[in-house]
Each structure stands twice: as structure tokens, then as C-alpha cells.
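**Student:** Give the three-dimensional model of this entry:
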Amino acid sequence: MLARATRVKFSKPSTAGNQFCAPHLQQRRVASANSHATKAFTAEDRINIVELCHRFDHAINNLDQPAAGILFHKDGVLHTPRGKMTGQQEIVNFFKSVEPMAKGKRHLTVNIVVDPESDVSARAHSYRLLAVANCPSTLAASGTIEDHLVKVDGKWWFAERRFVMDPPAVAN
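**Tutor:** Below is the predicted model of the structure:
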């Protein structure tokens, strides 16, 4: 005998009191619900933004700090657990300073979601995985990336990139 299907109403999980839920993620949920992008934002724009995110990973994985830095707008801002850097040169210098930590690692940006704000501005939200490049690979860290992107002269740039690392796992 088949059971009769019933409607189940799901509610959004609460983030109140959750010390690990970053405030910018709560803001994103509100912004996404209220977004009304212009029709000028195209599928090509979306592809170019995703490509930008992946080019960043390739540059970092290949220890090519200048290639990572030029993906930021000239006044771009990078937020990391180690601090805030502003401008392409300061961002490049930061990546050079952490090169010893990056050697032998693979930085992976996954599950990228792009939220257009206009035809020249967008937000991208993704997960960050850091794997040790051995066989088999091991996951060293994870977190989220919150990007604000701008399109200038037909090209997409990182205006602001924020890395938020997940807290360490609690031992049972």
C-alpha cells in the first residue's frame, strides 16, 4: 500500500546565536532575496566571473603572485584571516609573503554562485578548499569566499575578495 503524499513546509534554518555564521553570509541571504538584476547582465558575464575565480586559483597554485594580483581592480581589497590588503601591489606582496605555506597545496574554489547587482557589478559566493597535493590528497582547510566584482571597460575584476576560514573541527 502506498502512503499518501503530504505537503511539508520547510523553514529557513536560523543563524541567530550561531557564532560561526559570518554576518556577511546573513547579509547575502537578504541581498539575494531582494536582488533584481538588470537584463544587461549576460550568461557571458557569469562565465567570465567564474573563469576569473578559477584563474585566481591557478595563479596561486602555480606560485604566480603577480598573475593573482592583476585579477584585482587597481584599488581592489583582499581580506584574509591574516589581515586586509588594498591595491594590486600590496596584494601581490601578501601572496609572496605566504608562498612557503602555499607550496605543495591546491587551492580550489567550488560551488560558485553569482548574484548580479547590475550590468557592471556582481557578488560571487563560493566554498574554498585547500588540499595538500600528495597522493592521496588530504584536505588541509576549508571556508568560504565572498567576492564583490566590478566590470570596467568590458573586463571583470575583483573589487573585494573576502576569505573566511571554517573553524577547526571539535574533537569528540
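**Student:** Mind listing what's buried along stretch 48-60?
**Tutor:** 48, 49, 50, 52, 53, 56, 57, 59, 60 (16 or more other CB atoms under 10 Å). No exception for glycine: its C-beta is placed from N, CA and C like everyone else's.
**Student:** before we move on, what about stretch 96-104?
**Tutor:** Quick answer for stretch 96-104 (16+ other CB under 10 Å): residue 102.
**Student:** Stretch 118-127 now?
**Tutor:** Those would be 120, 121, 122, 123, 124, 125, 126, for stretch 118-127 by 16+ other CB under 10 Å.
**Student:** Take these and keep only those in helices.
**Tutor:** Among those, DSSP state H puts none in helices.
**Student:** Looking at those residues, which one is closest to residue 98?
**Tutor:** residue 126 (19.9 Å; CB to CB).
**Student:** Check the offset of stretch 64-75 from the chain's centre.
**Tutor:** 16 Å (CA atoms, centre = their mean, to the nearest Å).
**Student:** gap between the residue most central in space within the chain and residue 42?
**Tutor:** What sits nearest the mean C-alpha location of the chain, by CA atoms, centre = their mean, is residue 145, with 2.5 Å. Distance of residue 145 to residue 42, computed by CB to CB, to the nearest Å: 23 Å.
**Student:** Ranking helices and strands of this protein by mean pLDDT, which lands last?
**Tutor:** helix 23-34 (a mean of 46; mean pLDDT, DSSP states H and E).
**Student:** Longest helix in this structure, please.
**Tutor:** The chain, longest helix under DSSP H: helix 43-61.
**Student:** coming back round to it: switch the buried residues of stretch 118-127 over to JSON lines; also include pLDDT and distance to residue 104.
**Tutor:** Putting those into JSON lines (pLDDT from 0 to 100; distance: CB to CB, whole Å) gives the following:
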{"residue": "120", "pLDDT": "97", "distance to residue 104": "38"}
{"residue": "121", "pLDDT": "97", "distance to residue 104": "36"}
{"residue": "122", "pLDDT": "98", "distance to residue 104": "33"}
{"residue": "123", "pLDDT": "98", "distance to residue 104": "32"}
{"residue": "124", "pLDDT": "98", "distance to residue 104": "27"}
{"residue": "125", "pLDDT": "98", "distance to residue 104": "28"}
{"residue": "126", "pLDDT": "98", "distance to residue 104": "23"}
